[in-house]
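Student: Requesting a structural model of the entry that follows:
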Amino acid sequence: MALRLGWFSTGRDQAARNLLKAIMKKKEEGFFNIEIAFVFSNWEEGEEPDHPTYDDRRKFCDLVHQYEIPLVCLSWKKFMPDLRMKDKEGWRSAYGAKMREMISSYPFDLGVLAGYMLWMDNESCDLFNLINLHPALPRGPKGTWQQVIWELIVSRADKQGAMIHLCTHEWDEGPPLTFCSFSLKTPEYRSLWDQLEIKLAKMSIEEIIKNEGGNEPLFKKIRMDGEIREIPLLAYTIKFLADGKLRIVNRMLYENERPLTEPYDLTDLVDEAVRRKEFEV
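Tutor: You can find the predicted model right below:
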């Protein structure tokens, strides 16, 4: 029986489309036995055409329709704006209740947060197995991928990676299920660290962030090496759950019948998939 996925995405960039394309491509190739029961977006179709993310959101909705997947939309901006201003926690709970009502016609086994930019409400986290891709290693930095990378640079980290974790009441703090890692101390990285240290002798890290931002060479390299691993990590995690090799039982991860006390390391499989460019779309 196919593993039924609920797909949650804001659909605000190319990465959101690439994630969905890659998973659908691998499904069609028979990589795993899955169905996507629905896609949920926190923007309505056609909402705010002057907004900077509009074109990307429109392309994402077009892609969902192309795959003939039911698209369920609930505008976060239009939903109870007065409550959102007065009581953010209460609004999050009310929004989650409405979302669950709207997706109730599409039962699913596993929810995948794939570029979903809202903090999922507590009740939904308790009711469903929801997984999230976070661009850092277990026990690594929290926040956006930009915040994660700058924190790694400031702390002169040795490793970076990505993880899939369960969603809980705490943002980015759910138990890690799977991860992959890569070294930040290879010869190629050492030259970039050296270049950064030369700049730091003349200016602060805040000035570098302000002047160069995402164009700083070390920052770009860490982002590139992390991003190319995210889709394989998510795909292999879904595959292992679909195949029954991994199971989530009472918020715990099991390998076959054995409970795991540490997240499952997919580094070798992910690195091989990157080398073969297996998940490029």
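Student: Residues contacting stretch 95-106, please?
Tutor: 6, 37-38, 40, 70, 72, 74, 76, 79-80, 118, 120-124, 127 (CB atoms under 8 Å, 6 or more residues apart in numbering). To be clear about C-beta, it is placed using only N, CA and C from the backbone, and glycine gets the same treatment.
Student: among those residues, which are in helices?
Tutor: 122, 123, 124, 127 (DSSP state H).
Student: so what's the second one closest to, chain neighbours aside?
Tutor: Using CB to CB, 6 or more residues apart in numbering and skipping the chain neighbours, the partner closest in space to residue 123 is residue 96 (5.5 Å).
Student: what do you get for residue 235?
Tutor: Here the residue nearest residue 235, using CB to CB, 6+ apart, is residue 26, at 5.7 Å.
Student: Tell me if I'm right that the one you found and residue 279 touch.
Tutor: Yes. The pair residue 26 and residue 279 qualifies as a contact (CB atoms under 8 Å) at a distance of 7.2 Å.
Student: Looking at these two, which one has more neighbours?
Tutor: residue 279 (25 against 21; other CB atoms under 10 Å).
Student: Quick check: that one touching residue 235?
Tutor: Yes. Counting by CB under 8 Å, residue 235 is a contact partner of residue 279 at 6.2 Å.
Student: Spit out the residues that contact these two alike.
Tutor: By CB under 8 Å, 6+ apart, the residues touching both residue 279 and residue 235 are 22, 26, 273.
Student: now those residues as a markdown table including pLDDT, distance to residue 173 and secondary structure?
Tutor: As requested, the shared contacts of residue 279 and residue 235 are arranged in a markdown table below (pLDDT from 0 to 100; distance: CB to CB, whole Å; DSSP: H, G, I helix; E, B strand; the rest coil):
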| residue | pLDDT | distance to residue 173 | secondary structure |
| --- | --- | --- | --- |
| 22 | 95 | 27 | helix |
| 26 | 96 | 29 | helix |
| 273 | 96 | 28 | helix |
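Student: contacting residues for residue 189?
Tutor: 183, 218, 221.
Student: before we move on, what about residue 253?
Tutor: Here residue 253 is in contact with 175, 177, 246, 247, 259, 260, 263, 264 (CB under 8 Å, 6+ apart).
Student: For it, give the beta-bridge partners.
Tutor: Legend: beta-bridge partners of residue 253 under DSSP bridges are residue 248.
Student: how much space is there between it and residue 104?
Tutor: 27 Å (CB to CB, to the nearest Å).
Student: which among the contacts of residue 189 end up buried?
Tutor: 218, 221 (16 or more other CB atoms under 10 Å).
Student: Redo the contacts of residue 189 as TSV? Include distance to residue 160 and pLDDT.
Tutor: Shown next, in TSV, are the contacts of residue 189 (distance: CB to CB, whole Å; pLDDT from 0 to 100):
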residue	distance to residue 160	pLDDT
183	8	98
218	11	97
221	10	97
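Student: my read: residue 245 touches residue 256, true?
Tutor: Yes. The pair residue 245 / residue 256 is scored as a contact, 6.7 Å apart, by CB under 8 Å.
Student: Looking at those two, which one has more neighbours?
Tutor: A count of neighbours by other CB under 10 Å puts residue 245 above the other of residue 245 and residue 256, at 13 against 8.
Student: so where do the strands sit in the stretch 151-281 of the chain?
Tutor: Taking DSSP state E, counting those that start in this stretch as the test, the strands found in the stretch 151-281 of the chain are 159-166, 176-183, 246-249, 252-255, 258-259, 264-265.
Student: Quick check: neighbours of the fifth one in the sheet, parallel or antiparallel?
Tutor: The one in question is strand 258-259. According to DSSP bridges, strand 258-259 forms sheet pairs with strand 252-255 (antiparallel).
Student: Using CSV, list the CA coordinates for the partner strand.
Tutor: Extracted in CSV, the C-alpha atoms of strand 252-255 (Å, rounded to 0.1, in the frame of the first residue of the first chain):
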residue,chain,number,x,y,z
MET,A,252,10.1,7.5,18.4
LEU,A,253,12.0,6.2,15.3
TYR,A,254,12.4,2.5,14.8
GLU,A,255,14.6,0.7,12.3
